[in-house]
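Asker: With the sequence up front, the predicted model follows.
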Protein chains: 4
Amino acid sequence: MLVILQSGANQEVVDHVVERIERLGLRAHISQGEFRTIIGAIGEENAAFYDQIRTIEGVENVVSIMKPYKLASRDFQPHDSQVKVGNVTIGAGAFASIAGPCAVEDKQSCMEIARAVKASGANMLRGGAFKPRTSPYSFQGLGEEGLKILRDCADEFDLPFVTEITDPRNVELVSKYADMLQVGARNMQNFVLLSEIGKIRMPVLLKRGASNTVKDWLMSAEYILSEGNSNVVLCERGSQGFENEMRFTLDVGAVALAKRDSHLPVIVDPSHAAGRRDLVMSLALAGIAVGADGLIVEVHNCPDKAKCDGPQALTPKMYEKLMQQVKALVEIIKQNQVLQETD
Amino acid sequence: MLVILQSGANQEVVDHVVERIERLGLRAHISQGEFRTIIGAIGEENAAFYDQIRTIEGVENVVSIMKPYKLASRDFQPHDSQVKVGNVTIGAGAFASIAGPCAVEDKQSCMEIARAVKASGANMLRGGAFKPRTSPYSFQGLGEEGLKILRDCADEFDLPFVTEITDPRNVELVSKYADMLQVGARNMQNFVLLSEIGKIRMPVLLKRGASNTVKDWLMSAEYILSEGNSNVVLCERGSQGFENEMRFTLDVGAVALAKRDSHLPVIVDPSHAAGRRDLVMSLALAGIAVGADGLIVEVHNCPDKAKCDGPQALTPKMYEKLMQQVKALVEIIKQNQVLQETD
Amino acid sequence: MLVILQSGANQEVVDHVVERIERLGLRAHISQGEFRTIIGAIGEENAAFYDQIRTIEGVENVVSIMKPYKLASRDFQPHDSQVKVGNVTIGAGAFASIAGPCAVEDKQSCMEIARAVKASGANMLRGGAFKPRTSPYSFQGLGEEGLKILRDCADEFDLPFVTEITDPRNVELVSKYADMLQVGARNMQNFVLLSEIGKIRMPVLLKRGASNTVKDWLMSAEYILSEGNSNVVLCERGSQGFENEMRFTLDVGAVALAKRDSHLPVIVDPSHAAGRRDLVMSLALAGIAVGADGLIVEVHNCPDKAKCDGPQALTPKMYEKLMQQVKALVEIIKQNQVLQETD
Amino acid sequence: MLVILQSGANQEVVDHVVERIERLGLRAHISQGEFRTIIGAIGEENAAFYDQIRTIEGVENVVSIMKPYKLASRDFQPHDSQVKVGNVTIGAGAFASIAGPCAVEDKQSCMEIARAVKASGANMLRGGAFKPRTSPYSFQGLGEEGLKILRDCADEFDLPFVTEITDPRNVELVSKYADMLQVGARNMQNFVLLSEIGKIRMPVLLKRGASNTVKDWLMSAEYILSEGNSNVVLCERGSQGFENEMRFTLDVGAVALAKRDSHLPVIVDPSHAAGRRDLVMSLALAGIAVGADGLIVEVHNCPDKAKCDGPQALTPKMYEKLMQQVKALVEIIKQNQVLQETD
């Protein structure tokens, strides 16, 4: 932690800051510049220290040097993590192709969709049973009934499934059926939910919130990790932007940054980012090229009757085409990474 | 709902759209333009209809005309609402001056702060017992112990208090002590929490999320209102911006817009917006001038020892000065509004 | 400048950095921490140094301590500046009420508008002759003819006028007629234009770009100041946001920040921020309360026939009401500031 | 244009709107809904009409149906355009690999860089002679001397070159040396510059501004096209975001959207988006995968001595590796597109 004093700060300020630093159990190191005095605080920092020092009269700014997350960082674990979901592995070269409807509506359509995406090469199923909807008047999902349908479809086609959880009271219920729990973008900083999920060992898909930095995202992962659950996969689904012809701005830079700073696998959700199906394929390919460890894509056998997010769902036929390109691209990216590492 | 067809859409598309509109129980009204065909869908809409129609092949865009919220809108209730919190009234000319520490740390400091803000003219107390912190390693609040301290301080100085709730399982516990529940910005779209709070009759302070539109905000209010709890006060605390010398961008336009479209009271939180105390006073005054029905301000008797958000807390002395200006400004704004209405 | 080395950086890196610092004419001061080494670079920095050091292998980050602008900063001049435009003074307690049409359309309507705003208390006129329009097919202004009309109206009602300049080749032409030159938000980083305007002594109104920080804004002011023209007034007109019911987000925090870090006067343009007249009054009052030294407001005698930005123009009658409130508010804010300073 | 009246608008309002629509040379088509009246305005619209109608008392909103740009749209030209720069073709399957230093500093280093990028497969050279710098105290480029050096390097290695133009008075000068003119992000809405460049026939690289929508971008292209210069290539270089570990947010969705709505070639600048070299390769690959027609990348033979933007420049060796991956990826993407089209 570097404490930058205001220009003209006198000895009294310096002494005060040094005393406070020492009271926090850190060592102070004074550096008198021509224009400013800077005091380094050496030792194990925490976030509260930062605020307390920054608040002292005469302090201009405090610069934190250490990253606020630990377990999520590459400092803690340098090599890529892998997360296992049923018989599927995600990360460190293993690619997840997750697909399915936004919300489960009935068993028949869910089966049809599961069959189709499996045929095209998906290795995991997605589907919502508890839907967080912006409007209280919109379809909120089938609840436990939806979970049962998903379980049946998953078993039928040997595809582990991921489904969203929105309520800390439902962890047990959802875990009974699902193979992986999804924390949605709007709940990325629902710390109560994160802690609860941290207490079990079920794999978690943690979406990035629409206006959260990569640091915020990794701090939310840290909530889960620090409770003992290390099975966290990150998912980028677009940040809030000013462009109103797409729903969100898919932030491929955030994927690159998260993969650089963290060992956790990162996948991409092009469907929610685009909000419109005609851009899903392009965004999916961009996600793979930037280095994502998987894709989660909405597919519906009859999008214009979907109860939720129809405009962004691919038809099974479109998904098939997407998967052809995905396979080719994953192959080439993997070869290049090998090339790069052995270089 | 207006359905705009792609240029060159043929009769088949028109027939398909009309059929779907009618199947949704609406009436279709075709308007053939020189370049485009537009089909009006007349009747009671809902959000799902919108998506389903927009998804049809040959449809370029769908424009919704009706607002998606009802109970929160001025169409539903044209005059300003008032919300009562203990002996304090908020809205329709009644101004709330809420102040207190970010988090309750111990009884003595909380009492001191409460005494000070009361003396300066505050009519409500704020304080956190359950703190949603970005880092799992930061101070998370005293929990029930903090609620007890707040209750004691509130009683001692006859100041009703508001405190944040983050867990739907805590509604009963927190309601036992508090006079008003706060839903923080990060939980604005925690729909599970909103629904739970809607089921009781306790007043609610609903903060705007950092990247949520006014429409989103009113939809979240609608969650609470539609469950039967009409005691909702909105709170603007800044939106996510690109300026890194302030924590958030206080969006006075959002206050003006919310007050135009909704009858609910709106207050302003200049402390979290600024994230630094030297700008709190200016932002507070801007909030009043734009028409806010109250202020919620962080005050700490010893900010440089605060366990949470010290840099943005005012000292009691600074708060006293702020309140002198607040009183003068509230008076002048109120006079002007009367002037305007009787004009 | 503080150079933070990567954890594990060896002596070779330290030596390399020190050598580079010294070659730049600065003195190096090494501070060995438990986890990191930090090297202070003491002396006269410039922006290029920063990038060159940050680029060295083994450097984690470089923290600049000095502000990149000089003449615009309060370090250079601690007290508020005043800028004189004809017989009007702006800043340090002197308030500018600037009003007029978006674009000048013809002499008669411009005269009518000037008469009306003067009667309501405006002390300056605004109007566009060269309009930067998003579409090449929109009305681009009357050019020199418009300048002549503005000059006549200004003289008739003894109101100095401000008008936008968009082309460095027009500095002489526009200066022949106008009392103050406006640099629009889209040209805030048109450095060629800024330099050209810096070479004359005409007052300049410099709008903040829609996605520029306060630091960027002051750097653009520095371009003008460093050429020798010290008559710069800043103008906040809203930043790019995600809310689509307003055109821009009026950033009152940016006004507060600019006034804290710079001595230059700052005024507010509520018309362009709102983009709709029903919110102009509220935003104007917020601007005054946050401490602005003036307002620039669009007024049109017949907004629904305006060739440009009609929806945000106030009618003369609305402007009259606004000015009643402005006067009362300016008075109270001024009293409070005096109170505060003598405290 | 659809004019949506306020709920409760009476016949007088309807008549007024109809009259105004007809006076603008359009035909009105009234559609009486249960809750609202909508009036379609049929005929050749323009932007001013939109504002004038929206301004009428009793009008809630006006929805424009037609795109505001014409020559840039796929409606005007359905197939992909190609732009020729010297012996290089960009667009419709032809890929541009542009590389070089941020700013030209001296002949020797420019020659070295040109040789290196040519050897790695670049087919165009980039380099700045007139640099738009945020600070007036930063290196502003070598001016004409820089253009001469670029010309020599370009000729030596048979690489046409692109360089930025910032001043409308320099069009002739820069055109004398350069093969393509670049309009930087900060000048995207410098309409004076755009018009001037439109009058010549030199190819133009038009970067997207940091907070401009795709529609704004295409409108700026329209300025150039409508003056008669059809040689426009678009370039995405990142939008302004809230993440402070990268300079900008590379918006791959904007690339996809621009290519969907416009026939103009679109390339990607990963260097300015990232602002740091360790993310440039990932972003470059994402850009190709999303469908870009080329890359423009900063390369410097000695980045830690670069006078401008050193931290984002690749070394020649890094560029060589990047180009290996680029070639593989371009091939696979091209194959897929052929596959898709013939499907």
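Answerer: Sure thing, it's come through.
Asker: Only C-alpha atoms from now on, for both contacts and neighbour counts.
Answerer: OK.
Asker: What is the neighbour count of the closest residue to chain D within the stretch 151-300 of chain A?
Answerer: Nearest to chain D in the stretch 151-300 of chain A, going by C-alpha to the nearest C-alpha, is residue A:286, at a distance of 4.2 Å. As a burial measure, residue A:286 scores 30 neighbours (other C-alpha atoms under 10 Å in any protein chain shown).
Asker: Within range of chain D, give me the residues from the stretch 151-300 of chain A.
Answerer: When proximity is defined as C-alpha under 8 Å from any C-alpha of the partner chain, the stretch 151-300 of chain A approaches chain D at A:211-214, A:241-244, A:246, A:249-253, A:256-257, A:274, A:279, A:282-283, A:285-291.
Asker: ok, back up a step: distance check, the residue of the stretch 151-300 of chain A closest to chain D against chain B.
Answerer: Look at residue A:286 and chain B: by C-alpha to the nearest C-alpha, to the nearest Å, they are 24 Å apart.
Asker: Need phi/psi at whatever residue of the stretch 1-150 of chain A ends up closest to chain D.
Answerer: Taking C-alpha to the nearest C-alpha as the measure, the stretch 1-150 of chain A has residue A:67 as its residue closest to chain D, at 12.4 Å. For residue A:67, the backbone dihedrals (degrees, to the nearest 10) come out as phi -70, psi 140.
Asker: How about residue A:242?
Answerer: phi -100, psi -10.
Asker: Surely it touches residue C:241?
Answerer: Yes - assessed by C-alpha atoms under 8 Å, residue A:242 is found in contact with residue C:241 at 6.0 Å.
Asker: dump the residue contacts of the closest residue to the residue of the stretch 151-300 of chain A closest to chain D other than its chain neighbours.
Answerer: Spatial nearest neighbour of residue A:286, excluding adjacent residues (C-alpha to C-alpha, 6 or more residues apart in numbering or on different chains): residue D:286 at 4.2 Å. By C-alpha atoms under 8 Å, 6 or more residues apart in numbering or on different chains, the contact list for residue D:286 reads A:252, A:285, A:286, A:287, A:288, A:289, A:290, D:252.
Asker: model confidence over the host helix or strand of residue D:286, on average?
Answerer: Element membership for residue D:286, per DSSP states H and E: helix D:280-289. Confidence over helix D:280-289 (mean pLDDT, whole number) is 97.
Asker: worst-scoring helix or strand of chain A, pLDDT-wise?
Answerer: helix A:47-54 (a mean of 77; mean pLDDT, DSSP states H and E).
Asker: and the helix or strand following that helix, how far out from the chain's middle?
Answerer: As assigned by DSSP H and E, the chain's next helix or strand after helix A:47-54 is strand A:59-63. On the basis of C-alpha atoms, centre = their mean, to the nearest Å, strand A:59-63 sits 31 Å off its chain's mean C-alpha point.
Asker: which of the residues in strand A:59-63 are buried?
Answerer: For strand A:59-63, the neighbour count (16 or more other C-alpha atoms under 10 Å in any protein chain shown) marks A:59, A:60, A:61, A:62 as buried.
Asker: List the neighbouring strands of that strand plus their orientation.
Answerer: Take DSSP bridges as the rule and strand A:59-63 pairs in its sheet with strand A:2-5 (antiparallel).
Asker: quick check, the helix or strand following the partner strand touching chain B?
Answerer: Next in sequence after strand A:2-5, counting helices and strands by DSSP H and E, comes helix A:11-23. No - interface with chain B: helix A:11-23 contributes nothing (C-alpha under 8 Å from any C-alpha), its closest point being 9.6 Å away.
Asker: which helices and strands sit right next to the helix or strand that helix A:11-23 is followed by?
Answerer: Next along the chain after helix A:11-23, taking DSSP H and E as the criterion, comes strand A:27-32. Counting by 3 or more C-alpha pairs under 8 Å, 6 or more residues apart in numbering or on different chains; DSSP states H and E, the packing neighbours recorded for strand A:27-32 are helix A:11-23, strand A:37-42, strand C:27-32.
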